[in-house]
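Participant: fold the following.
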Amino acid sequence: MKLAIASFVVCSAAAFVPTGGDRQFSTTNPSTTELYGRKPFISGNWKLNPQTKEEALTLASGIASSINENSPDVDVALFVPYVFIETAISAVGGKLAVGAEGVCPHNSGAFTGGISTSMVKSIGVNWVLAGHSERREIFGETNDYINAQCLKIIDDGMSVMLCIGESLDEFELDLAGSVCEVQLKKGLMGIRKEELDRVAIAYEPIWAIGTGKVATPEIAQSVHAKCRAILADMYDQEAADEVRILYGGSVTPESVDDLMNQPDIDGALVGGASLDKDKFGRIINFKTVKTAVHV
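Facilitator: Below you'll find the predicted structure:
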């Protein structure tokens, strides 16, 4: 892929870690993503889809084919059902990362149906979701359980995408910031500043997941800015400026460009559209008004 705004390297398979460097940017919409070297991160969450190995192979291959030399310089990951992980890894040919949709915070034992970090790591997984609203609401995962997942993922040298977000009632009561603060502080409890390079945050307003409703770019930006302020309070401003915060919630090819033009939106966690190679391909190849000035 072409290098769009700065030079980055992958320090390890465990995380997409940007390196520093002297660079200045001129933008029509000044972006802290650019200013602080946060490499955009586009990810897809397949959830309980697709239904066969063959379908997974076709979908993963199709998505990988959308990444080419003209694509923006972004990190891409697919979070897929456990049974399709190895199939997807073989299909994408190293063009993107393949992650797990969650893990059990235990190494082994009497946890029927559980999947450990060591299991998924052994087949090539380095990114794992934690705290998705569906896991919280449908499967009853608490903040304490989610924190245990995050700690286990980090302790085992992997990277975690922590999902946070408010319900419609909470949003209408202007509680989005408060809900995100609780979920961030409880989810990241015990994770040190020096480990944050293996953490990404996905803000997913529950009322926008799978509903076709999308928070306006301005609403999403305001919550992302609040989340970054919370991270600064938890750690410091330097740490907050380096953490990537993704938006999730019915992201589409039609909405991605405006979302990605916001200064604190560093990527997207995509649900339904990640099951369509053409739609997700367009999201990966988002377009912004940002331009780089190399000095």
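Participant: next up, phi/psi of the residue nearest to Ile283 when sequence neighbours are not counted, please.
Facilitator: The shortest distance from Ile283 to any residue other than its chain neighbours is 4.8 Å, reached at Val256 (Cβ to Cβ, 6 or more residues apart in numbering). Glycine gets a C-beta too; all of them are placed from N, C-alpha and C. In this entry, Val256 is assigned phi and psi values of phi -70, psi -40 (degrees, to the nearest 10).
Participant: neighbours of Val256, just the number please.
Facilitator: 27 (other Cβ atoms under 10 Å).
Participant: I'd say it and Ile284 touch.
Facilitator: No - using Cβ atoms under 8 Å, Val256 is not in contact with Ile284, being 9.1 Å away.
Participant: so what pLDDT did the residue nearest to Ile283 get?
Facilitator: On the pLDDT scale, Val256 is placed at 97.
Participant: wasn't Ala200 part of a strand?
Facilitator: Yes - checked against DSSP: H, G, I helix; E, B strand; the rest coil, Ala200 lies within a strand.
Participant: OK, contacts around it?
Facilitator: Phe41, Ser159, Val160, Met161, Leu162, Val243, Arg244, Ile245, Leu246, Gly267 (Cβ atoms under 8 Å, 6 or more residues apart in numbering).
Participant: again with Phe111
Facilitator: Per Cβ under 8 Å, 6+ apart, neighbours of Phe111: Cys104.
Participant: check Phe280 too.
Facilitator: Gly44, Ile63, Ser66, Val270, Ala273, Ser274.
Participant: let's see it at 7 Å
Facilitator: Gly44, Ile63, Val270, Ala273, Ser274 (Cβ atoms under 7 Å, 6 or more residues apart in numbering).
Participant: I'd like to know which of these are buried.
Facilitator: Applying a neighbour-count criterion of 16 or more other Cβ atoms under 10 Å, the buried members of those are Gly44, Ile63, Val270, Ala273, Ser274.
Participant: quick one: the third one and Phe280, what's the gap?
Facilitator: For Val270, the distance to Phe280 under the criterion Cβ to Cβ, to the nearest Å works out to 6 Å.
Participant: now the common contact residues for the two.
Facilitator: Shared contacts of Val270 and Phe280, counting by Cβ under 7 Å, 6+ apart, come down to Gly44.
Participant: ranges for the helices of the stretch 101-250 of the chain?
Facilitator: 117-121, 133-137, 143-155, 168-172, 176-187, 217-234, 237-242 (DSSP state H, counting those that start in this stretch).
Participant: what's the closest of the ones you listed to Val92?
Facilitator: helix 117-121 (16.0 Å; Cβ to Cβ).
Participant: list the buried residues of the closest one.
Facilitator: Thr117, Met119, Val120, Lys121.
Participant: kindly report the same for stretch 248-268.
Facilitator: 248-253, 255-256, 258-268.
Participant: repeat for stretch 177-188
Facilitator: Gly177, Val179, Cys180, Glu181, Gln183, Leu184, Lys186, Gly187, Leu188.
Participant: how about residues contacting stretch 226-240?
Facilitator: Residues beyond stretch 226-240 that count as contacts (Cβ under 7 Å, 6+ apart) turn out to be 177, 180-181, 184-185, 188, 193, 196, 201, 203, 243, 245, 264.
Participant: which members of those residues are the farthest-apart pair?
Facilitator: It's Gly177 and Lys193 that sit farthest apart of those, by Cβ to Cβ, at 22.1 Å.
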